[in-house]
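[1] Build me a model:
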Amino acid sequence: MKNPVLKFLYLLWYLPVLVLSTVTLGTICVAVSYFSARAARFLTNLGWGHIVLDPAGVTLRATGLENLSKSEGEKGGGFIIYANHSSLTDIPTVALATKKSVSWVAKASLGRIPFFGWALARVHMLVDRGGGPEAARQMVEEATRRLEGGEILAIFPEGTRNRDSETLLPFKKGAFILAKHTGAPLVPLAIKNAGNIWPAGKYWPQPGAIRVKVGPPLEPRPGEQLGELTARAQTALQELLSDDSW
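    Presented below is the predicted three-dimensional model:
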């Protein structure tokens, strides 16, 4: 947005709407969570997703959504969505593209953000990366309970925003430890152009279109080593990102 007048008008509209809506929605979500965590999760995902993307003029185009239904399986258990991460728009993008009551696995520091972080801490999963073996054990137990209860977990296994939108960073192993421990399917979800719309270091997004493609689920194989599963999952997501046909 090169025109300074248009940029000023855009910020005059977007930033106050984002702040006011986040405060309001965060307060509502915390209150609702005492009655229904699932309803509160729905609000934080879809409600906040629309708050972030719609006023900014960001649109989505999603393909491969039939792979989400394939992942649910016959046993009624949950599954793990893992996606590349280049932008602050990635969370609302995954939420709005899938339209699922996704439970986010995020770093504990996000829970300190006023209103948004408070709602995140109430209904999602925050992980203390420096908490040692006990924190890791508690995370696995909580995630296992949620997956066995049919919930969907979403993780960015790169662990941080990646400024290179073409090549994935090495994956952290948390999502794949959970998949091996529970047998839950892993669903790759590729996001394109989000890093251009809201790159790291910028305070607001630009209008534009984000593309999403969901790949076929990956089932952990009997006897498969953790490193092998992690590498197979990273290859599947990298192939989705490198595919220019969508």
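[2] So for residue 142, what's the nearest residue that isn't a sequence neighbour?
    Excluding its sequence neighbours, the residue lying closest to residue 142 (CB to CB, 6 or more residues apart in numbering) is residue 125, at 6.2 Å. (C-beta placed from N, C-alpha, C; glycine too.)
[3] Same check on residue 23?
    Nearest to residue 23 is residue 115, by CB to CB, 6+ apart, at 4.9 Å.
[4] ok, that neighbour to residue 217 distance?
    As for residue 115, its distance to residue 217 is 34 Å (criterion: CB to CB, to the nearest Å).
[5] just residue 161 next, same as before
    25 Å.
[6] can you pull the buried residues of stretch 201-220?
    Under the neighbour-count criterion of 16 or more other CB atoms under 10 Å, stretch 201-220 has 205, 210, 211, 212, 213, 214, 215, 217, 218, 219, 220 buried.
[7] which of those residues lies closest to residue 174?
    Taking CB to CB as the measure, residue 174 lies nearest residue 220 of the buried residues of stretch 201-220, at 14.3 Å.
[8] Who are the contact partners of that closest one?
    For residue 220, the contact set (CB atoms under 8 Å, 6 or more residues apart in numbering) comprises 179, 180, 183, 184, 186, 229.
[9] likewise residue 159?
    With CB under 8 Å, 6+ apart, residue 159 has these contacts: 169, 172.
[10] can you rerun that using 7 Å?
    Residue 159 sits next to residue 172 when contact means CB atoms under 7 Å, 6 or more residues apart in numbering.
[11] ditto for the one 4 residues further on
    Each residue near residue 163 by CB under 7 Å, 6+ apart is listed here: residue 200.
[12] Number the residues from 57 up from this point.
    Sure, I'll start counting at 57 from here, so that last one is residue 219.
[13] Mind telling me what element it is part of?
    Here residue 219, judged by DSSP states H and E, is contained in no helix and no strand.
[14] give me the number of residues near residue 84?
    Residues within reach of residue 84, counting by other CB atoms under 10 Å, total 16.
[15] distance of the residue nearest to residue 198 from residue 212?
    Residue 181 is 13 Å from residue 212, by CB to CB.
[16] do the same with residue 173
    17 Å.
[17] One more: residue 103?
    Distance from residue 103 to residue 212, by CB to CB: 21 Å.
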